[in-house]
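Novice: For reference, the sequence and a predicted model appear below.
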Amino acid sequence: PASTTHTGHGDLAVGGVPLTEIAERFGTPVYVMDEAEVRDRCRTYRAAFPDADILYAAKAFLCRAMARWAEEEGLGLDVCSAGELELAVTTGSPPERIVLHGNAKTPRDLETALRLGVGRIVIDSPSEIARLAAAVGPEGRQKVMVRVVPGIDAGGHAKIRTGTEDQKFGLSIRDGYAQHAITRILDQPQLELTGLHCHLGSQITSVKPYLVAVRRMTGLMARLHRQHGLVLRELDLGGGHGVAYRPGEQALDLTSLAHRVRVELTDACAAAGLPVPRLIIEPGRAVAGPAGVSVYRVLSVKHTGETLFVAVDGGMSDNPRPALYGAGYTPRLIGRPATAERARTTVVGRHCEAGDVIAEDVSLPRDIRPGDLLAVPVTGAYHFSMASTYNLIGRPPVVAVHDAHARLLVRRETLEDIRRRDVGL
Ligand code: LLP
């Protein structure tokens, strides 16, 4: 994983700071984010897609520092709630470079987006059209895109697959809903349709589905051009770019993606007699995921049948991904030399259910014992942002490392924080 290649696996320092020092200073469990790695990944995107708009998908990992890093590296943002939007804009993200998504936007989401002057609102259902037009008011005009279902199965876990017909997002081309919504948007003087959006899913490791998406989306653009004389200036292909979670896994090749999408788009537009739209992409996981490492302390070790169970001081409340998607990780013992002898181990959390697993059937040193530290790489995306207060443990802090310095970005949630919300009796 990239965040540790920066620093070398040996001593397990990230960003020049030993993880043992971070555990000592900030306690465990703790999320550690390598700032240089995040910035590098933003730069890699900009280099691979020099003439595209790159919107970081904030749902993967958002705090004020992350909004700042994305902005400083020239990325816009994809947000899907008033909360994400407000945090970003109050940190200084330019609202015109923000796109608001959501299959069920609340009145507050829309009000906040209009008040803060968000760049684009992505329409996801027919009922949203009139509602948004009314919220914009007779004097205003809001740029919008339409989220289209291209009908593509891009693989990946079923719970994060969004390009197919049978899920809650977007408007189907096949069934004509996308075309119908577009004609209704064109009738609303308050709405300016700038382009089409689609998002195929997440943790996609092949370029091919993106090429199919380009063909389907440009096909729809060509039909809209013929029927309505409509020329759309933007094509947003969403995110979904897969990363390597474990040694030996392949990330999506961004250079190849950029090149082949560009060629496909240019060819398809030339064939249809359309100008090439501005490309927009929305990577989340591939920006933040490999830049994060979680550190836990081992609390207990026990043998059960064939398996060595190692229980740590976190679990599904800070990493729900194994329970939700069967996600796999490769934890490493850090902070001391270990015996060469290894054991088949399952690393579990401290929550009250059997599915509370961090890593199933992995190889760890046989002499692992309470008090040891475990580092779990590639936990920068959809960990902190999906954390819960299950069993009232309190969510871990986020620490940034950069140039051999560690600094606290988000403090640990205390029991007092949790208790304060409990106002009844
Ligand atoms: N754009 C849209 C409209 C999205 O819905 C998403 C992710 C993204 C961009 C960013 O996708 P990425 O590049 O991060 O794959 N919690 C799941 C992932 C859910 C993704 C939701 N939408 C997980 O932990 O695997």
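Specialist: Yep, it's here. Residues are numbered from 1 along each chain as shown.
Novice: neighbouring strands for the one helix or strand Ala375 maps to, and are they parallel or not?
Specialist: Using DSSP states H and E, Ala375 sits in strand 373-377. Take DSSP bridges as the rule and strand 373-377 pairs in its sheet with strand 292-304 (antiparallel), strand 332-334 (antiparallel).
Novice: nearest to the ligand, of the ones you listed?
Specialist: strand 292-304 (12.2 Å; CB to the nearest ligand atom). Bear in mind the C-beta positions are built from the backbone N, C-alpha and C, glycine included.
Novice: Let me know the next secondary structure element after that closest one.
Specialist: Following strand 292-304 in sequence order, the next helix or strand is strand 307-312 (DSSP H and E).
Novice: near the ligand, anything from whatever helix or strand comes next after that next one?
Specialist: Of the helices and strands lying after strand 307-312 in sequence (DSSP H and E), the nearest is helix 321-325. Yes - residues of helix 321-325 contacting the ligand under CB under 6 Å from any ligand atom: Arg321, Tyr325.
Novice: before we move on, the earlier item: so for the strand holding Ala375, mean pLDDT?
Specialist: Per-residue pLDDT over strand 373-377 has a mean of 97.
Novice: Give me the contact list for that strand.
Specialist: Contacts to strand 373-377, defined as CB atoms under 8 Å, 6 or more residues apart in numbering, come from residues 1, 3-4, 12, 19-20, 23, 28, 290, 292-298, 310, 312, 319, 329-335, 347, 358-359, 364.
Novice: what about the residue of the stretch 1-150 of the chain found nearest the ligand, neighbour count?
Specialist: Closest approach between the stretch 1-150 of the chain and the ligand, counting by CB to the nearest ligand atom: Ala57, at 3.4 Å. For Ala57, the neighbour count with other CB atoms under 10 Å is 29.
Novice: dump the residue contacts of the nearest residue in space to it that is not next to it in sequence.
Specialist: Setting aside the residues directly before and after it, Ala57 is nearest to Gly284 in space (CB to CB, 6 or more residues apart in numbering), at 3.0 Å. By CB under 8 Å, 6+ apart, the residues touching Gly284 are Tyr56, Ala57, Ala58, Lys59, Ala60, Phe61, Asp78, Ser202, Gly239, Ala381, Tyr382.
Novice: go on, Val399?
Specialist: Ile22, Phe26, Val30, Tyr31, Val32, Met33, Ala406, Arg407, Leu408, Leu409.
Novice: Filter those residues down to just the ones in strands.
Specialist: Val30, Tyr31, Val32, Met33, Ala406, Arg407, Leu408, Leu409 (DSSP state E).
Novice: Look up how far Ala406 lies from the second one.
Specialist: Counting by CB to CB, to the nearest Å, the gap between Tyr31 and Ala406 amounts to 12 Å.
Novice: Compare the two (neighbour count), which wins?
Specialist: Tyr31 (28 against 20).
Novice: right, and that one touches Ser385 too?
Specialist: No - if you go by CB atoms under 8 Å, Tyr31 and Ser385 don't touch, sitting 10.2 Å apart.
Novice: what residues does the stretch 251-400 of the chain put near the ligand?
Specialist: Selection of the stretch 251-400 of the chain residues close to the ligand by CB under 6 Å from any ligand atom yields Glu282, Pro283, Gly284, Arg285, Ala286, Arg321, Tyr325, Tyr382, Met386.
Novice: No more questions from me, cheers.
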